[in-house]
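**Student:** predicted model, plus sequence, below.
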Amino acid sequence: MKLGAYTNIIKHEKNFRYMILANLISRFGDSVDAIAYSWMVYQLTGSTAWLSVILGVNMVPTVLFQPFSGALTEYFRKKKVIVLCDIARGAVVFLTGLCMLFGVLKPWHLLVLTFLNSSIEALRIPNGLAILPQILKKENYKAAISMDQGVRRASELVGMGCAGIIIGGIGIGGALFVDAVTFLASGLLLLLLKVNEENNEKQRFRMKGYADSLKEGFTYFKTSRLAMMVCAICVAQNLCTLPIENLQAAYISEYLRLDVFAMSVGGTAITAGMIAGALLLPVITRRISEKQVLIWGGILIGLLYFVYLLIGTIPSDEGKYLGLFLAAFAFGVVNSVIGVMVQVIFVSRIPADFVGRISGIFNALACASLPVGSFLLAGLSAVFAIRELYLLTGILSIGLFLIINRSKGK
């Protein structure tokens, strides 16, 4: 697929222009907020444990609420929901910044506000995915989603680069106000969407109807080989990528013997790789099937662990920096290709009526695997060195995805 395909989408998919611009703005704000929020938590509590607690609280609504919020997509206009969610999240972030500015913010406030913000996001995500078939032509799904993810990652990269300047210039509270404004701008842009939705608002919400809708979603998920397989692949991917993501500091310090600058090199390379991977997906899928993209992606993640180990044998620090950048870039490409491929499959292969419900269930299961994997990794880290952990994870990744590849069906 040539660059002209992306130009064609921007030119002819008017609704998608509003969507991608809204996502670009909100992801910039999120990137600034991520750094400002972590710094704020540490300054307020002086404890690294609180950072872990806040991270855990941030994930709870995704696991608990998304399967239920996914079923709600059948009752309300999706455009209205995502607009209100963006405005509501902006209000929560604004309130947090206001409390920070007046010096009244307490640790328990952060717990409540984080939980509230993540709960709103848990409602927004299934609706945001479910609305895509209603604003895009089917033949443009793959290129549009790839471009959207590439733009998001590029915006995150710019946001991370600007975060230090923004925080240094207007403080943490000011940085939170910037994030609040980006949410508001995103919501206002999404108001411009012209969506032909069935008038689900006429169908009053009733608990029995909602329960039936929720049950239908779980039944479809259990009986859909496609949904089950994609979910299994994503859970496997989450578990297999954790050592690279969670133990990066230990790998760089203990194994490569490099300083903190290498963390920045690795992080930048991964983000750049994710941008490239998102944009390259349409080209890749012209040559290999969707299933093989997912399978070979998992196998390549396993092989990359051996590459990471080989970097440690390079004698010069300059060579290690170059090797780390290339390996991290490749890791970002593979991760992004798998992630975007999953979104494309959900939008194009799952019936439109089930997209919101299935994505809610899927996201909950995928996110639930992260804390489980993190606890498992913490236990293994106490027993094995970085070299052994990377070696075992590489072998496990390759073996696991080869087994999945033997499963029947496309």
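**Tutor:** Looks like it came in fine. Numbering: from 1, shown residues only.

**Student:** and the residue lying closest to Ile311 once chain neighbours are set aside, what is it in contact with?
**Tutor:** Leaving aside its sequence neighbours, Ile311 sits nearest to Gly323 (Cβ to Cβ, 6 or more residues apart in numbering; 3.9 Å). The C-beta positions use only the backbone N, C-alpha and C, and glycine is treated the same way. Taking Cβ atoms under 8 Å, 6 or more residues apart in numbering, we find Gly323 in contact with 307, 310-311, 314.

**Student:** in helices, which of these appear?
**Tutor:** 307, 310-311 (DSSP state H).

**Student:** so who does Asp179 touch?
**Tutor:** 29-30, 32-33, 36, 90, 93.

**Student:** what two of these are the furthest from one another?
**Tutor:** Farthest apart among these by Cβ to Cβ are Ala36 and Gly90. That separation is 14.7 Å.

**Student:** contacting residues for Met40?
**Tutor:** By Cβ under 8 Å, 6+ apart, the residues touching Met40 are 100, 105, 172, 176.

**Student:** mind redoing it with 7 Å?
**Tutor:** 100, 172 (Cβ atoms under 7 Å, 6 or more residues apart in numbering).

**Student:** and for the one 5 residues further on?
**Tutor:** Thr45 is in contact with Pro107, counting by Cβ under 7 Å, 6+ apart.

**Student:** and Thr62, backbone torsions?
**Tutor:** phi -60, psi -40 (degrees, to the nearest 10).

**Student:** so what's the residue lying closest to it once chain neighbours are set aside up against?
**Tutor:** Computed as Cβ to Cβ, 6+ apart, the closest residue to Thr62 that is not its neighbour in sequence is Cys367, at 4.6 Å. Cys367 is in contact with 59, 62-63, counting by Cβ under 7 Å, 6+ apart.

**Student:** between the residues you listed, which sits nearest Val195?
**Tutor:** Out of the contacts of Cys367, the member with the shortest distance to Val195 (by Cβ to Cβ) is Thr62, at 25.0 Å.

**Student:** quick check: the gap between the closest one and Leu365.
**Tutor:** 10 Å (Cβ to Cβ, to the nearest Å).

**Student:** what of Gly187?
**Tutor:** Gly187 is 29 Å from Leu365, by Cβ to Cβ.

**Student:** next: Asp353.
**Tutor:** 20 Å.

**Student:** and what of Asn405?
**Tutor:** Distance of Asn405 to Leu365, computed by Cβ to Cβ: 21 Å.

**Student:** so which of those two has more stuff around it?
**Tutor:** For Asn405 versus Leu365, the count of surrounding residues by other Cβ atoms under 10 Å is larger for Leu365: 18 against 14.

**Student:** what about this protein, any weak spots by pLDDT?
**Tutor:** 1-5, 47-49, 51-52, 55-56, 69-75, 196-210, 260, 407-410 (pLDDT under 70).

**Student:** show me where the stretch 301-410 of the chain has its helices.
**Tutor:** For the stretch 301-410 of the chain, the helices defined by DSSP state H, counting those that start in this stretch occupy 317-349, 355-381, 386-405.

**Student:** can you list the ones you listed in JSON lines and add distance to Gln134?
**Tutor:** What follows is those, written out as JSON lines (distance: least, Cβ to Cβ, whole Å):
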{"stretch": "helix 317-349", "distance to Gln134": "11"}
{"stretch": "helix 355-381", "distance to Gln134": "10"}
{"stretch": "helix 386-405", "distance to Gln134": "32"}
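
**Student:** let's check: the centremost residue of the chain is which one?
**Tutor:** Closest to where the C-alpha atoms of the chain average out (Cα atoms, centre = their mean) is Gly339, at 8.1 Å.

**Student:** where does the closest residue to that one other than its chain neighbours sit, in terms of helix or strand?
**Tutor:** Once flanking residues are discounted, Gly339 sits nearest to Gln149: 7.1 Å by Cβ to Cβ, 6+ apart. Element membership for Gln149 (DSSP states H and E) is helix 141-190.

**Student:** orientation of that helix relative to helix 317-349 in degrees?
**Tutor:** 90 degrees (axes from the mean of the first three to the mean of the last three Cα atoms, to 10 degrees).

**Student:** could I get the buried residue list for stretch 35-46?
**Tutor:** By neighbour count on 16 or more other Cβ atoms under 10 Å, the buried set for stretch 35-46 is 35-37, 40-41, 44-45.

**Student:** that should have said stretch 222-229, apologies.
**Tutor:** Residues 224, 226-227, 229 are the ones in stretch 222-229 that count as buried (16+ other Cβ under 10 Å).

**Student:** from the chain's centroid, how far away is that stretch?
**Tutor:** On the basis of Cα atoms, centre = their mean, to the nearest Å, stretch 222-229 sits 22 Å off its chain's mean C-alpha point.

**Student:** only C-alpha atoms, please: export it in PDB.
**Tutor:** Provided in PDB are the C-alpha atoms of stretch 222-229 (Å, rounded to 0.1, in the frame of the first residue of the first chain):
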ATOM      1  CA  LYS A 222     -17.200 -18.300  24.000                       C
ATOM      2  CA  THR A 223     -18.500 -19.800  20.800                       C
ATOM      3  CA  SER A 224     -16.400 -17.600  18.400                       C
ATOM      4  CA  ARG A 225     -13.100 -19.300  17.600                       C
ATOM      5  CA  LEU A 226     -11.800 -16.100  16.100                       C
ATOM      6  CA  ALA A 227     -12.500 -14.000  19.300                       C
ATOM      7  CA  MET A 228     -11.100 -16.700  21.600                       C
ATOM      8  CA  MET A 229      -8.000 -17.200  19.400                       C
END
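
**Student:** distance of Asn405 from Gly302?
**Tutor:** 12 Å.

**Student:** wait, Phe325 sits on Ala269?
**Tutor:** Yes: Phe325 is within contact range of Ala269, at 4.6 Å (criterion: Cβ atoms under 7 Å).

**Student:** and the helix or strand containing Ile120, what does it pack against?
**Tutor:** According to DSSP H and E, Ile120 maps onto helix 107-130. Secondary-structure packing of helix 107-130 (3 or more Cβ pairs under 7 Å, 6 or more residues apart in numbering; DSSP states H and E): helix 14-45, helix 48-72, helix 78-101, helix 355-381.

**Student:** noted, bye for now.
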